[in-house]
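Peer 1: The amino acid sequence is not available; the structure is as follows:
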Ligand SMILES: Nc1ncnc2c1ncn2[C@@H]1O[C@H](COP(=O)(O)OP(=O)(O)OP(=O)(O)O)[C@@H](O)[C@H]1O
């Protein structure tokens, strides 16, 4: 039997950043037509491998081969583009340009006199998107695409360069359930047409849903590669964490009978986002705001923390009404929060973990205006221990942390000022299974100590620990359910199907 050379094979890959070894003698082999999952805890080395497999940086040691041939020289970008592409969580298309311009950037056919023939560019772009069944107008400015359309355009662009190996880096992180299903259908289609995928995700159900092989990395090393249907979940989690899977669970006590309200939202409206929203959260209570990405749940949570101002209605936090639309006022009133987008609202990447983690509590670090460096580092070291942040020390810039560990720094900061009300927006996006358990455990602990918690999320695992879940659909709170709901019930309610959750 003749076996074709693997689409990609990396062997003996080592990569070090300063004192951090990101990959140690790691390997991966992906065969033609597979949808191959790459999993591992935050900081395991997945993104580093992707940057090496896409030629963005060289390994310190080791070799990458495509179809049995050595990888191109790093400078030969065209040759890399013909072999592999990665669709990242962050867009690589240029928002100011149209879809057609993005698709044919730097490869326009110049007509006579060097002029670009836009008619040809548009018709070629249309043809390209048609070939891959992407239903987007090529004249649309890229900034108007939603995440799903943007991913499809990026996949089509990769295919148009000739690449038949595509890496999807946490592609479902910003998609709602319906969009995830469409993405998976598309992956299946393309797989049938001979496209090979490397799929990075922290969601085990997705891996079991669409992947046929899985590779596990742990602590910079390759741990195992196995067929998905031959690997029980507990073993997969065990390989990722290096320990047997723990039982999750334990019942919460919930708020005490005489607990006071730490959040009162009354008749709050913001045209285009949400309408006539009212709810309460008591000290020690965890309340979920469930809903699809465009339901308005994120905007409601952002209004509570002062990132937006409502057009009408009131927000009262621990007995005071902070100035609407002011984050400092909300923080002063007793809010701690984890924003939706850690890249833009959460962290200052060039600043150290210690500085980022203590950004909101300068008054705790020294007399007014002075920051005692030792006190800050002590605070940060405790925070690193408390949240099990994987780093050589508090002085490292957060840009050197893996994605999930950055999210922990954001969480640490939210907890730094002992908030009365903790507001979390998609708090476990990009966080690995075990760290997720850990972060959610922290949230429970904080609630036990009397903090009220609002979790705006579409992740069932985030919502499971809530005492109550409010379902938001098209800007309105359409239902409420106490603990103990069934997954299908809540998912249906989030999609607007009435299954009587109130
Ligand atoms: N540019 C860099 N400078 C310093 N350290 C880095 C850099 N890039 C990665 N690292 C370190 O290398 C290790 C592996 O990181 P990597 O981003 O590859 O992990 P990951 O598996 O993708 O994690 P996540 O699931 O959190 O995204 C981490 O300890 C990280 O802090």
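Peer 2: Nice, thanks for sending it over. As the structure is a computational prediction, the values presented were derived from the model and not from experiment.
Peer 1: Tell me the spacing between residue 483 and residue 466.
Peer 2: Distance from residue 483 to residue 466, counting by C-beta to C-beta, to the nearest Å: 7 Å. The way it works is simple: take the backbone N, C-alpha and C, and place the C-beta from them, glycine included.
Peer 1: swap in residue 457?
Peer 2: For residue 457, the distance to residue 466 - C-beta to C-beta - is 9 Å.
Peer 1: Common neighbours of the two, please.
Peer 2: Here residue 457 and residue 466 have residue 288 as joint contacts, going by C-beta atoms under 8 Å, 6 or more residues apart in numbering.
Peer 1: that older thread, what about residue 483 and residue 466, which has more around it?
Peer 2: residue 466 (25 against 16; other C-beta atoms under 10 Å).
Peer 1: Let me see the backbone angles for that one.
Peer 2: phi -70, psi 140 (degrees, to the nearest 10).
Peer 1: Tell me the predicted confidence for it.
Peer 2: pLDDT recorded at residue 466 is 93.
Peer 1: again, but for residue 109
Peer 2: 54.
Peer 1: Show me what from the chain comes close to the ligand.
Peer 2: By C-beta under 6 Å from any ligand atom, the residues of the chain that approach the ligand are 17, 20, 22, 40, 42-48, 390, 400-405, 432.
Peer 1: try 5 Å this time
Peer 2: 17, 20, 22, 42-48, 400-404 (C-beta under 5 Å from any ligand atom).
Peer 1: Now the two most distant members of these.
Peer 2: 17 and 404 (16.7 Å; C-beta to C-beta).
Peer 1: Which one of these two is surrounded by more residues?
Peer 2: Neighbour totals were compared for residue 17 and residue 404, and residue 404 leads with 23 against 13 (other C-beta under 10 Å).
Peer 1: List the single closest residue to the more buried one in space, sequence neighbours excluded.
Peer 2: In this structure, residue 404 finds its nearest non-sequential neighbour in residue 42, 2.7 Å apart by C-beta to C-beta, 6 or more residues apart in numbering.
Peer 1: Next, find the distance separating the one you found from residue 420.
Peer 2: Separation of residue 42 from residue 420 (C-beta to C-beta): 29 Å.
Peer 1: Kindly report the same for residue 401.
Peer 2: Residue 401 is 29 Å from residue 420, by C-beta to C-beta.
Peer 1: Please identify which of the two sits among more neighbours.
Peer 2: Counted by other C-beta under 10 Å, residue 401 and residue 420 do not tie: residue 401 has more neighbours, with 23 against 20.
Peer 1: Quick check: that one touching residue 353?
Peer 2: Yes: assessed by C-beta atoms under 8 Å, residue 401 is found in contact with residue 353 at 7.1 Å.
Peer 1: what touches both of these two?
Peer 2: Shared contacts of residue 401 and residue 353, counting by C-beta under 8 Å, 6+ apart, come down to 389, 391, 409.
Peer 1: Output the residues you listed as a markdown table; include the columns neighbour count and pLDDT.
Peer 2: Shown next, in a markdown table, are those (neighbours: other C-beta atoms under 10 Å; pLDDT from 0 to 100):
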| residue | neighbour count | pLDDT |
| --- | --- | --- |
| 389 | 27 | 81 |
| 391 | 20 | 80 |
| 409 | 26 | 85 |
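Peer 1: What is the nearest of these to residue 58?
Peer 2: residue 391 (24.2 Å).
Peer 1: That closest one belongs to a strand, doesn't it?
Peer 2: No: per DSSP: H, G, I helix; E, B strand; the rest coil, residue 391 lies outside any strand segment and is coil.
Peer 1: Might one say that it is in contact with residue 398?
Peer 2: No: checked against C-beta under 8 Å, the pair residue 391 and residue 398 is beyond contact range at 9.0 Å.
Peer 1: what do those two both touch?
Peer 2: residue 353.
Peer 1: Would you tell me what the next helix or strand after the helix or strand residue 236 falls within is?
Peer 2: Taking DSSP states H and E as the definition, residue 236 sits inside helix 233-241. Scanning forward in sequence from helix 233-241 by DSSP H and E, the next helix or strand is strand 261-270.
Peer 1: Please point out which parts of the next helix or strand along the chain from that following strand sit buried.
Peer 2: Later in the chain than strand 261-270, the nearest helix or strand by DSSP H and E is strand 274-282. Within strand 274-282, the residues that qualify as buried are 274-275, 277, 279, 281-282, counting by 16 or more other C-beta atoms under 10 Å.
Peer 1: counting contacts, what elements does strand 274-282 pack onto?
Peer 2: strand 261-270, helix 297-304, strand 312-317, strand 452-457, strand 476-482 (3 or more C-beta pairs under 8 Å, 6 or more residues apart in numbering; DSSP states H and E).
Peer 1: can you list contacts of it?
Peer 2: 255, 259-269, 287, 296, 299-300, 313, 421, 452-454, 470, 472, 475-477.
Peer 1: now stretch 313-325
Peer 2: 261-269, 276-278, 303-304, 306-310, 329-330, 332-335, 420-421.
Peer 1: Show the end-to-end separation of that stretch, please.
Peer 2: 13 Å (C-alpha to C-alpha, to the nearest Å).
Peer 1: How far does that stretch sit from its chain's centre?
Peer 2: 30 Å (C-alpha atoms, centre = their mean, to the nearest Å).
Peer 1: ok, now stretch 263-279?
Peer 2: Using C-alpha atoms, centre = their mean, the offset of stretch 263-279 from its chain centre is 27 Å.
Peer 1: do stretch 287-297 as well
Peer 2: Using C-alpha atoms, centre = their mean, the offset of stretch 287-297 from its chain centre is 16 Å.
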